[in-house]
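Engineer: can you look at this prediction? I've put the sequence above it.
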Amino acid sequence: MSSTVLSMEAVDLSFGPKRVLDGLTFSVPRGEAFGFLGPSGAGKTTTIKLLTRQLTRDSGRISLLGRPIENATAADYERIGILSDTSALYDRMSIADNLALYARLRGISRGRVPYLLERLGLAKDAKTLIKNCSKGMRQRAALGAALVHQPELLFLDEPTSGLDPAARAEVHKMLAELRQRGTTVFLTTHDMAEAETVCQRVAIINDGAIVACDQPEELKLRYARNRLTVRTRTRGRLELSKSRESAQQLEQLFAENEVLSVHSDEPNLEEVFLELTGREF
Ligand SMILES: Nc1ncnc2c1ncn2[C@@H]1O[C@H](COP(=O)(O)OP(=O)(O)OP(=O)(O)O)[C@@H](O)[C@H]1O
């Protein structure tokens, strides 16, 4: 069987006169956590909707679980889990009952529900009605619903938005475990630190087109600015590039006993993102 679980080739999509996706091309091998990053409105959710057949492309090819998406069967969709802001939870039912319902809809036992509640930090709130949940609790419950049938391919649209740092860390741990078990993850996020923690590769999308796609480390080496920040006694903070001229300048500053500290800025994905999209989140 092909090791490519998911791919798009030259996919275009317009809403009316507006081109939203423009020649989108990428592929995701089995077992990879693939991050899809981009500013608001770049086309991330639209891409997930195409991959999960909530929308249809204008042109190009999409394959899912080794076959053209047009030929995907109901059984293929049983192998997929989706978390998005349209994930439906029943407001008047408790968290535990929602997860049990999802298990029943998937035709599996509710045996995994207590485990998921525990792992998602929801055990003590299991009986809370969804309508009385905080945004973070709701988000974790929706993640539980997406995971209940142990999908081999998981689409996560901003899975940790609204979560506090502890819950976020627990979700990251769960995702790492899922990946170890061979689950393929397609994830959108605005959180660059999350992308670096969770994803083996990331694509950066801007105005509907992929502007870079690689391992976070590679992108950082390729695009991040390389700077030194020097705090001086009388000249304040100086920013130097890592160049020969700057080395001479730094030597001079040391000779003049000006240097209080030298800090080498580690390149980070946020800088890469800004460099490539020209936009903040
Ligand atoms: N049903 C629709 N009809 C018309 N335009 C749409 C529709 N859905 C999305 N769009 C437009 O398509 C573009 C991409 O939207 P999309 O939701 O994919 O962005 P996104 O990258 O997920 O943004 P965010 O990070 O804010 O969730 C936006 O300009 C949006 O306004």
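Structural biologist: Structure received. Residues are numbered from 1 along each chain as shown.
Engineer: so which bits of the stretch 1-150 of the chain are right by the ligand?
Structural biologist: Near the ligand, the residues belonging to the stretch 1-150 of the chain are Phe15, Val20, Gly38, Ser40, Gly41, Ala42, Gly43, Lys44, Thr45, Thr46 when assessed by CB under 6 Å from any ligand atom. (Each C-beta comes from the backbone N, C-alpha and C, glycine too.)
Engineer: in ChimeraX, how would I select just the buried ones from the residues you listed?
Structural biologist: Applied in ChimeraX, the following selects the buried portion of these according to 16 or more other CB atoms under 10 Å:
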select :20,38,42,43,44,45,46
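Engineer: contacts only, for Glu158.
Structural biologist: Contacts for Glu158 were tallied using CB atoms under 8 Å, 6 or more residues apart in numbering; they are Asp85, Thr188, Thr189, His190.
Engineer: list buried residues within those.
Structural biologist: Neighbour counting over those (16+ other CB under 10 Å) leaves Thr188, Thr189, His190 as the buried ones.
Engineer: in this structure, what helix or strand scores lowest on average pLDDT?
Structural biologist: The weakest-scoring helix or strand in the chain, judged by mean pLDDT, DSSP states H and E, is helix 269-277 (a mean of 82).
Engineer: can you list the domain ranges for the protein.
Structural biologist: Split into domains by the TED database, the chain comes to 4-215, 225-265.
Engineer: and the next element down the chain from the longest helix anywhere in the chain?
Structural biologist: Using DSSP state H to define each element, the chain has its longest helix at helix 165-180. Sequence-wise, the next helix or strand downstream of helix 165-180 (DSSP states H and E) is strand 184-189.
Engineer: ok so, going back, deepest of the domains of the chain, which one?
Structural biologist: domain 4-215 (a mean of 18; mean count of other CB atoms under 10 Å).
Engineer: centre of the chain to that domain, how far?
Structural biologist: The chain centroid and the centroid of domain 4-215 are separated by 9 Å under CA atoms, centre = their mean, to the nearest Å.
Engineer: start and end of that domain, how far apart?
Structural biologist: 17 Å (CA to CA, to the nearest Å).
Engineer: in the stretch 51-200 of the chain, what residue spans correspond to helices?
Structural biologist: With DSSP state H, counting those that start in this stretch, the ranges of helices along the stretch 51-200 of the chain come out as 74-77, 95-105, 113-119, 135-147, 165-180, 192-198.
Engineer: in CSV: the ones you listed, plus mean pLDDT.
Structural biologist: What follows is the helices of the stretch 51-200 of the chain, written out as CSV (pLDDT from 0 to 100):
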stretch, mean pLDDT
helix 74-77, 88
helix 95-105, 94
helix 113-119, 92
helix 135-147, 89
helix 165-180, 87
helix 192-198, 91
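Engineer: quick one, which of those gets closest to Glu217.
Structural biologist: Glu217 lies closest to helix 192-198 among these, at 8.7 Å (CB to CB).
Engineer: following that closest one, which helix or strand comes up?
Structural biologist: Using DSSP H and E, the helix or strand that directly follows helix 192-198 along the chain is strand 201-206.
Engineer: close to the ligand, is that following strand?
Structural biologist: No: figure legend: strand 201-206 not in contact with the ligand (CB under 6 Å from any ligand atom); closest approach 7.1 Å.
Engineer: let me see the contact set for the closest residue in space to Ile62 that isn't next to it in sequence.
Structural biologist: What sits nearest to Ile62 in space, not counting adjacent residues and going by CB to CB, 6 or more residues apart in numbering, is Ile69, at 4.3 Å. Taking CB under 8 Å, 6+ apart, we find Ile69 in contact with Leu51, Arg53, Ile62, Ser63.
Engineer: out of these, who's nearest Thr160?
Structural biologist: Using CB to CB, the contacts of Ile69 come closest to Thr160 at Leu51, 20.1 Å.
Engineer: my guess is that closest one contacts Val5, does it?
Structural biologist: No: if you go by CB atoms under 8 Å, Leu51 and Val5 don't touch, sitting 10.4 Å apart.
Engineer: that older thread, any chance of the buried ones among the contacts of Glu158 in a markdown table, plus pLDDT and distance to Glu258?
Structural biologist: Formatted as a markdown table, these follow (pLDDT from 0 to 100; distance: CB to CB, whole Å):
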| residue | pLDDT | distance to Glu258 |
| --- | --- | --- |
| Thr188 | 94 | 46 |
| Thr189 | 91 | 42 |
| His190 | 88 | 40 |
